[in-house]
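Q: Based on what follows, work out the 3D shape:
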Amino acid sequence: MIARLRPIDLTVNFEDRIYRLGETVSLSVIIKPIRNATITDCKIQLLYEEQWDEFFFVSVPRFPSSPRSGRESSFTGPPISKHVVERHREEIVHTTICFLQNTELSEEKLEMYPLQFPIGPIHAGRPIAQTIRWHFAISVSMLGYHSVWINLPIKIDLSASN
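A: Got it, this is the predicted structure:
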């Protein structure tokens, strides 16, 4: 069996601190080709995952009457209200930066790409969720190889902006 090794090593660095909306994150993308590779697309996305609970009531029938009564089971009385909690989770792409389209990389040559990544406002169609988690998703697509990708958490405070 022949295993296909990753054609590149991918590293992304940025300052580990709490950012605010309106700030810019200075990223350093480091690509070290293990063999010659053609990058078709390199993409960095800032994503956030919203988590929230929705509370509501539904009407449900009352419990059936006792089977010992000699008649078929039937529901007795008016329906009752039941409290329901639905948990929701949605991942949303906040910002995307694409770079290195159709770029040839030479084996063992370290390539470093400094990027400035702005954190713009959130365009929410509903009230802000109870929990928001942020992360960068970095993917490198290459000719003849599977994509190489990494996810990195980032801390963003929504309570204040620059």
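Q: ok, the helix or strand harbouring Arg87: who's next to it in the sheet?
A: In this structure, Arg87 sits in strand 80-99 according to DSSP states H and E. With DSSP bridges as the test, strand 80-99 is paired with strand 37-60 (antiparallel).
Q: Give me the distance between the partner strand and the centre of its chain.
A: Distance of strand 37-60 from its chain centroid, counting by C-alpha atoms, centre = their mean, to the nearest Å, is 5 Å.
Q: Phe14 contacts Ile30, doesn't it?
A: No. Taking C-beta atoms under 8 Å as the definition, Phe14 is not a contact partner of Ile30, at 11.7 Å. In this view, the C-beta of every residue, glycine as well, is placed from N, C-alpha and C.
Q: coming back round to it: for the strand holding Arg87, could you pull out the residues that count as buried?
A: By neighbour count on 16 or more other C-beta atoms under 10 Å, the buried set for strand 80-99 is His94.
Q: Send me it as CSV with only the CA atoms.
A: The C-alpha coordinates for strand 80-99 follow below in CSV (Å, rounded to 0.1, in the frame of the first residue of the first chain):
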residue,chain,number,x,y,z
ILE,A,80,-51.9,20.3,28.1
SER,A,81,-49.1,22.8,27.4
LYS,A,82,-45.5,21.4,27.4
HIS,A,83,-42.4,23.6,27.7
VAL,A,84,-39.9,22.8,24.9
VAL,A,85,-36.3,24.0,24.5
GLU,A,86,-34.6,23.7,21.1
ARG,A,87,-30.9,24.1,20.9
HIS,A,88,-29.6,25.7,17.7
ARG,A,89,-26.1,25.9,16.2
GLU,A,90,-25.0,27.6,13.1
GLU,A,91,-21.6,28.3,11.6
ILE,A,92,-21.3,31.5,9.6
VAL,A,93,-18.4,32.7,7.4
HIS,A,94,-17.6,36.2,8.5
THR,A,95,-14.7,37.1,6.2
THR,A,96,-12.7,35.4,3.5
ILE,A,97,-9.3,36.2,2.1
CYS,A,98,-8.0,34.3,-0.9
PHE,A,99,-4.3,34.5,-2.1
